[in-house]
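Asker: fold the following, please.
(one chain, ligands or ions: 1)
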Amino acid sequence: MSTDPKPTPDPHFTSDAPDPSSSGRRLPPLEDETQVCYIGATRVHRGRDEMAQTTDRRLLEWVDPGDDARRSERTMRDSWRVLRIQSEFVAGFDAMSQVGQAVTVFGSARLDPASDEYRLAVAVGKALGEAGYAVITGGGPGAMEAANRGAWDVGAQSIGLNIELPFEQHINQWVDLGMNFRYFFVRKTMFVKYAQAFVCLPGGFGTLDELFEALTLVQTKKVVRFPIVLVGRDHWTGLVDWMRDVLLARKMISPDDLDLLHIVDDPEEAVAIITAAGQAATR
Ligand SMILES: C/C(=C\CNc1ncnc2c1ncn2[C@@H]1O[C@H](COP(=O)(O)O)[C@@H](O)[C@H]1O)CO
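Answerer: Just a heads-up that it's a prediction; the model follows:
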């Protein structure tokens, strides 16, 4: 490690790529993949101290209202950011424009490939692919990889919309159309815009975030005829019970809102719900 004092960042540098003035030296050869990350579509070699930075984090960074210099620097950077955000939307719309009927599948990034849940996710990808749907996922490991793999196995289009994270992140090998996004909200737009339904496999915070965003969009009629299918009763029943016992009981949701969710165990049942909603929409 260099012991040189850290140079002052160049205030005119407006890119989200690493500030060149902050290193001034070449990093040593790659020791392992944790020194690599993606900034949007670009693969970069970063020092470990830089790895925690992501584009989303820089966008959302709080700046002390008393720090006039940093506030004005941020204003300038944010103005440029808008162009980068715009370009990410353009690239996403271009890449996805040829996608036909598709379903977005969410689920845990942490599934063990030897687990029953991973096998269930493969079966969901296969069943959707056999029914003629392209499968869109977050492009990462676990349930995403498994659903892409199922789609790939049956020759269906397999799409992975990956996100820049503060550690090395690969698009899984079962993706035939892949993109790497800097901004979560741009990527989320693609998940909804190009799908006719969502399937949520067992998952944690990321999956819950995606589920609740979808629910809010359907509840507020921002998207219509958009089934949301929760696969895995064991995993989801407790959550839906809580919605009924707490949210509905306290009148924070209406009875119809619970009908927006379908809980199943069987991938074929999930596909039947999605296909039926598609047929109703074309009548
Ligand atoms: C934590 C691990 C990998 C993280 N990699 C991810 N790659 C792509 N998308 C991801 C990743 N992690 C979360 N997501 C998104 O959230 C959902 C899963 O989150 P959960 O908290 O695991 O339920 C998923 O649908 C993605 O869209 C392991 O090495």
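Asker: who's I159 bridged to?
Answerer: Beta bridges link I159 to I136, L177, judged by DSSP bridges.
Asker: from the ligand, how far off is it?
Answerer: 12 Å (C-beta to the nearest ligand atom, to the nearest Å). Where C-beta positions appear, they are placed from N, C-alpha and C, glycine not excepted.
Asker: quick one: name the residues of this protein near the ligand.
Answerer: Proximity of the chain to the ligand is confined to 106-110, 138-141, 144, 162-163, 165, 169, 203-207, 210 under the rule C-beta under 6 Å from any ligand atom.
Asker: enumerate every residue touching V223.
Answerer: Shown in contact with V223 (C-beta atoms under 8 Å, 6 or more residues apart in numbering): V192, A214, L217.
Asker: where does the prediction get shaky in the stretch 51-200 of the chain?
Answerer: 51-53 (pLDDT under 70).
Asker: can you pull out the helices in it?
Answerer: With DSSP state H, counting those that start in this stretch as the criterion, the stretch 51-200 of the chain has helices at 55-60, 68-96, 116-130, 143-153, 184-193.
Asker: relative orientation of the last one and helix 68-96 in degrees?
Answerer: Using axes from the mean of the first three to the mean of the last three C-alpha atoms, to 10 degrees, the interaxial angle of helix 184-193 with respect to helix 68-96 works out to 20 degrees.
Asker: hmm, who's touching helix 184-193?
Answerer: By C-beta under 8 Å, 6+ apart, helix 184-193 touches 56, 85, 88-89, 92, 96, 104, 136, 138, 161, 163, 179, 181, 198, 210, 213-214, 217, 223.
Asker: only the buried residues of that helix, if you could.
Answerer: F184, V186, R187, K188, T189, M190, F191, V192 (16 or more other C-beta atoms under 10 Å).
Asker: and the residue of the stretch 151-283 of the chain closest to the ligand?
Answerer: G206 (2.1 Å; C-beta to the nearest ligand atom).
Asker: please work out how many residues are found near that residue.
Answerer: For G206, the count of nearby residues is 19 (other C-beta atoms under 10 Å).
Asker: what's the helix or strand where it lies packed up against?
Answerer: If you go by DSSP states H and E, G206 is part of helix 205-219. Other helices and strands packing on helix 205-219, by 3 or more C-beta pairs under 8 Å, 6 or more residues apart in numbering; DSSP states H and E, are strand 102-106, helix 184-193, strand 197-200, strand 228-231.
Asker: let's see it at 10 Å
Answerer: In terms of contacts (3 or more C-beta pairs under 10 Å, 6 or more residues apart in numbering; DSSP states H and E), helix 205-219 is packed against strand 102-106, helix 184-193, strand 197-200, strand 228-231, helix 233-242, helix 255-258, strand 261-264.
Asker: got the helices of the stretch 51-200 of the chain as JSON lines, with distance to I273 columns?
Answerer: Output for the helices of the stretch 51-200 of the chain, formatted as JSON lines (distance: least, C-beta to C-beta, whole Å):
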{"stretch": "helix 55-60", "distance to I273": "33"}
{"stretch": "helix 68-96", "distance to I273": "24"}
{"stretch": "helix 116-130", "distance to I273": "11"}
{"stretch": "helix 143-153", "distance to I273": "16"}
{"stretch": "helix 184-193", "distance to I273": "18"}
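Asker: any idea which of the ones you listed is most buried?
Answerer: Highest mean neighbour count of the helices of the stretch 51-200 of the chain: helix 143-153, a mean of 28 (counted as mean count of other C-beta atoms under 10 Å).
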